[in-house]
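Student: Here is my input, please return the structure:
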Amino acid sequence: MPDEAFDAVIIGGGTKALFLAMYLIKYGGMSVGIFESRHEVGGCLATEETSAPGFRGNTHATIITPLYYPPLYRDFPEFWEYGAQSDQYLVAEGAVFRNNNTCLTIYSEKHDPTQERTAAEIARFSPRDAEKWLKLWNLMKSDEAQLVVLEALFTPAEMRTSPEALERQVALYPKIVEAGFEPDSLVLSASYLRWVKEFFESKELQYCIMRFVLTQRHVNETGVGQEMFSFAASIPTIGFARGGTHQIAHAAHQILVQSGCKFFTHCHVDKVIIENGTATGIRLADGSRITARKLVVSTLNPAQLCFDLIGREHLDDRTVRRVEALESSFLCLMWYSYALHEAPKYAAAAFNPDINETFWLG
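Tutor: Got it, this is the predicted structure:
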C-alpha cells in the first residue's frame, strides 16, 4: 500500500482500538489510522455463523453489563442508536444441581429490580443467605457505592488515590459494616473463593457467584476481597448485546467512519519505527511506512509489543525480564456454538420452570 501519515497510528482493530480512536478524533482532534491483520475490525466483539448457516453465535465476548460502556454512552450519544444495545433474559445467571435436580435462579435486574424474587429462590436453600443477598444488592446499588465502583473502573490511576476519592471510600465503610459485610483485613486479603465462603453458607449460592468469577479470574487469587462486593452484586446485571456482540463493533465503526477514521484490514504490522528513542510510525510487512505525527498505539499483548514490534535492542533488561515472566497459557477453555431450533428444557424446571429462561447457566 502507499505510504500514509496520521496523527495517531493504532496497531490492531479490537475493542480498545475502536474506542480509543473515537476519543482521539472527537475530543483530541486527531487524524487516526487503524491497522488490522484480520478481514474486519472488532476483536473480541465477534459474532459469526459458526454452527450452521443462519445461526449466529458470539465467538468471544458474550456478557454485557451496565458497567461496560457508561463513558461511551455519555460522550457519544449515538452509540446506542447505532447498535450498541444490551438487553436481559428473565434469569441473568443460574445453576442446575445434578445430585437432586434442583436449581437456583438469579433473576435479572430488568425483571427483578429489587432482587426480592431472587431472594425468595435463595431462601429455598438458605434464608440467611437470602437476607444477606438483599443487603448486598441494596448496598451496592446505593449512589455512594456506585460512585466508588465507577471511579475504580473509569478514572486514571493517579486520581483513584486522591483525597476526595479516598474520602468517598472511607464514607462507604460504615454502610458496608451495617449491611453485615465488614471488610476487615482477612476479608480484604482473601481469595474470591474464601470471600464467598465467608459471607454465604449455601453451596448453591456459593457456586452461582463463583461461576461468574470463573469467567475472568482464578478463584484462588488472593488479595481481592474488595473486588468481590461489586463482583457478586453485578450478577443480576448480566446481559447480552442485541443482535450479537459484533453489533457493538458496528456501532463504533459507524461513528469512526463518519468521523474520518481510516481502516486498513489484511494489514500485518512488521515493526514500530523508532528514531532517537521515539516511535515515529510503523512499517508494514509489504514494506510500506506509515508516519505517526503524534503517537503510535499498540493493542497487542506485551510480548508482541516488546519483542516483535519494538525489539529487545530498544528495551532495558529489567523490562525484558518482566515481560518474559508474564504467563500467557494459564487457561482452560472450551467454546461451542450450537444451532438449535428451540431452547433446551431442563429436568430442573420441575423445581423452578424459570431455569429454562436463563442466560448464563452453569
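
Student: For the helix or strand encompassing residue 168, give me every contacting residue.
Tutor: Residue 168 belongs to helix 163-178 when elements are defined using DSSP states H and E. By CB atoms under 8 Å, 6 or more residues apart in numbering, the list of residues contacting helix 163-178 from outside reads 139, 142, 144, 145, 147, 148, 151, 155, 159, 182, 183, 229. Quick note: C-beta positions are derived from backbone N, CA and C, even for glycine.

Student: Pull the residues that contact the helix or strand just after it.
Tutor: Using DSSP H and E, the helix or strand that directly follows helix 163-178 along the chain is helix 185-188. Residues outside helix 185-188 that contact it (CB under 8 Å, 6+ apart): 181, 195, 198, 223, 225, 226.

Student: ok, now with 7 Å
Tutor: Applying CB atoms under 7 Å, 6 or more residues apart in numbering, the contact partners of helix 185-188 are 195, 198, 225, 226.

Student: Contact partners for the last one?
Tutor: Read that as residue 226. With contact taken as CB under 7 Å, 6+ apart, residue 226 is in contact with 183, 188.

Student: And it, what's its pLDDT?
Tutor: Predicted confidence (pLDDT) for residue 226: 89.

Student: Distance check, residue 48 against residue 356.
Tutor: Per CB to CB, to the nearest Å, residue 48 is found 26 Å from residue 356.

Student: quick one, which of those two is more surrounded?
Tutor: Applying other CB atoms under 10 Å to residue 48 and residue 356 shows that residue 356 carries more neighbours, namely 17 against 14.

Student: distance of that one from residue 20?
Tutor: 41 Å.

Student: quick one: the helices in the stretch 151-300 of the chain?
Tutor: With DSSP state H, counting those that start in this stretch as the criterion, the stretch 151-300 of the chain has helices at 163-178, 185-188, 192-199, 203-213, 225-233, 246-259.

Student: Would you reformat those helices as a markdown table and include distance to residue 339?
Tutor: Formatted as a markdown table, the helices of the stretch 151-300 of the chain follow (distance: least, CB to CB, whole Å):
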| stretch | distance to residue 339 |
| --- | --- |
| helix 163-178 | 46 |
| helix 185-188 | 45 |
| helix 192-199 | 34 |
| helix 203-213 | 25 |
| helix 225-233 | 33 |
| helix 246-259 | 18 |
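
Student: Dump stretch 22-33 to CSV, restricted to CA.
Tutor: Provided in CSV are the C-alpha atoms of stretch 22-33 (Å, rounded to 0.1, in the frame of the first residue of the first chain):
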residue,chain,number,x,y,z
MET,A,22,-13.4,7.6,18.9
TYR,A,23,-11.9,9.8,21.6
LEU,A,24,-8.8,10.8,19.8
ILE,A,25,-10.8,12.0,16.8
LYS,A,26,-13.8,13.7,18.6
TYR,A,27,-12.0,15.1,21.7
GLY,A,28,-8.4,15.1,20.6
GLY,A,29,-8.9,16.5,17.1
MET,A,30,-6.6,13.9,15.6
SER,A,31,-6.5,12.0,12.3
VAL,A,32,-6.4,8.3,13.0
GLY,A,33,-5.4,5.2,11.0
